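*Asks:* let me see the structure of the following:
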Amino acid sequence: MREKVVVGMSGGVDSSVAAYLLKEQGYDVIGVTMQIWQDEEQDEVEENGGCCGLSAVDDARRVAGELGIPYYVLNFKKEFRDCVMNPFVEEYLHGRTPNPCILCNRHVKWEALLKRSMELGADYIATGHYARIIRLQNGRFAIRSSVTAKKDQTYALYNLTQYQLSHTLMPVGDYEKEKIREIAQNLGLVVAEKPDSQDICFVPDNDYASVIEKEAKDRVMGQGNFVTASGEILGRHKGIIHYTVGQRKGLNLAMGHPVFVTEIRPETNEVVIGEAQDVFSDTLLCNDLNFMAVEDIAQPVEVTAKIRYSHAGETCVIEKVQDGEVKCHFQKPVRAVTPGQAVVFYQNDYVFGGGTIIR
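*Replies:* Okay, here's the model as predicted:
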């Protein structure tokens, strides 16, 4: 009897080819698109067409038909609102800069989809992420970097659980992006030339502030002061939700030279401004930990850490400072350590673990 796998199909080329590869490997493949936030009008669909928009359903359904696999649309709107949208808004209101894709991966694309898939009798779920799953010598599962370094998506997958990893397949991670498009072209798939989605699915115009203002309404703090670290007032800002640590553009401060956001203080509605060197730090503190390669750490461990998706990574030593918190000591100072973002630890080419930056 063939093993059954539910493939999360976003309507893009990567997940479409993932479904094809798994079918070729002999799995009983079912295609599923997750409805998580979309209530778009047709003109918005055509304009945005992100990884989770309604247009994705049309493309995924057509691909499933071309591949000859069953296809369903499942509603996960409640899970998405509770686990992604609401925390996203709360983090911004508290002066932090969250990464909603990480929350979505853990709680919706894996936790909720895996649960529903198991109820349907599936053995695995699969996605089109550029990452691979390995089993280490200690028996634990870990996310390994993909063949395509420039498309590697391991950073956003650091907080998957051992159970989730043991029931996940990621066939695309073994291929270069160009090869995935070539496979799609050879198959004549309608999505072969479809561009990759870039924006967060529910912020297609990259205007985070308008989403937060719409969701939080009267809870959004208005204008406040730009200040130095010592408290000197430099000018007025338009609301803390418009800023993030390390930001230089859009400050509208006539300082005569470039200045940067170094801290956001929601308790006083202040945005702290500093010089270029003030944005660098050689330590950070994180919580909400998920260790992947080991169950936990008792002694300091040397790893390479990425403090944002686009960060190349820097050597650091991590150590537990109290239960549920880890301090990272970087070999070289890193730029713009941003509360709310993830810090992900690597050893060799696999994810060791990670957490959420506190400060």
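*Asks:* please report the distance of His129 from Tyr175.
*Replies:* 12 Å (Cβ to Cβ, to the nearest Å). In short, each C-beta sits where N, CA and C put it, glycine included.
*Asks:* and the pLDDT for Glu41?
*Replies:* Predicted confidence (pLDDT) for Glu41: 45.
*Asks:* His129 and Tyr175: which has the busier surroundings?
*Replies:* For His129 versus Tyr175, the count of surrounding residues by other Cβ atoms under 10 Å is larger for His129: 26 against 21.
*Asks:* ranges for the helices of the stretch 51-200 of the chain?
*Replies:* In the stretch 51-200 of the chain, the helices defined using DSSP state H, counting those that start in this stretch lie at 54-67, 77-80, 86-93, 100-104, 113-119, 162-166, 177-187.
*Asks:* and the ones you listed: which comes nearest Gly354?
*Replies:* Closest approach to Gly354 among these (Cβ to Cβ): helix 100-104, 8.9 Å.
*Asks:* and the closest one, what does it pack onto?
*Replies:* helix 86-93 (3 or more Cβ pairs under 8 Å, 6 or more residues apart in numbering; DSSP states H and E).
*Asks:* the helix it packs on packs against which elements?
*Replies:* Using 3+ Cβ pairs under 8 Å, 6+ apart: helix 86-93 touches helix 100-104, helix 208-216.
*Asks:* winner for burial among the helices of the stretch 51-200 of the chain?
*Replies:* helix 100-104 (a mean of 22; mean count of other Cβ atoms under 10 Å).
*Asks:* now what about that helix, what contacts it?
*Replies:* For helix 100-104, the external contacting residues (Cβ atoms under 8 Å, 6 or more residues apart in numbering) are 36, 80, 83-85, 87-88, 156, 158-159, 200, 202, 342.
*Asks:* and Val334, how far from Ile273?
*Replies:* When Val334 is compared with Ile273 (using Cβ to Cβ), they lie 20 Å apart.
*Asks:* now do Ser15
*Replies:* From Ser15 to Ile273 the distance is 43 Å (Cβ to Cβ).
*Asks:* so where's the stretch 51-200 of the chain uncertain?
*Replies:* The stretch 51-200 of the chain contains residues with pLDDT under 70 at 51-54, 198-199.
*Asks:* isn't Met170 right up against Ile125?
*Replies:* No: the pair formed by Met170 and Ile125 falls short of the contact definition of Cβ atoms under 8 Å, at 10.0 Å.
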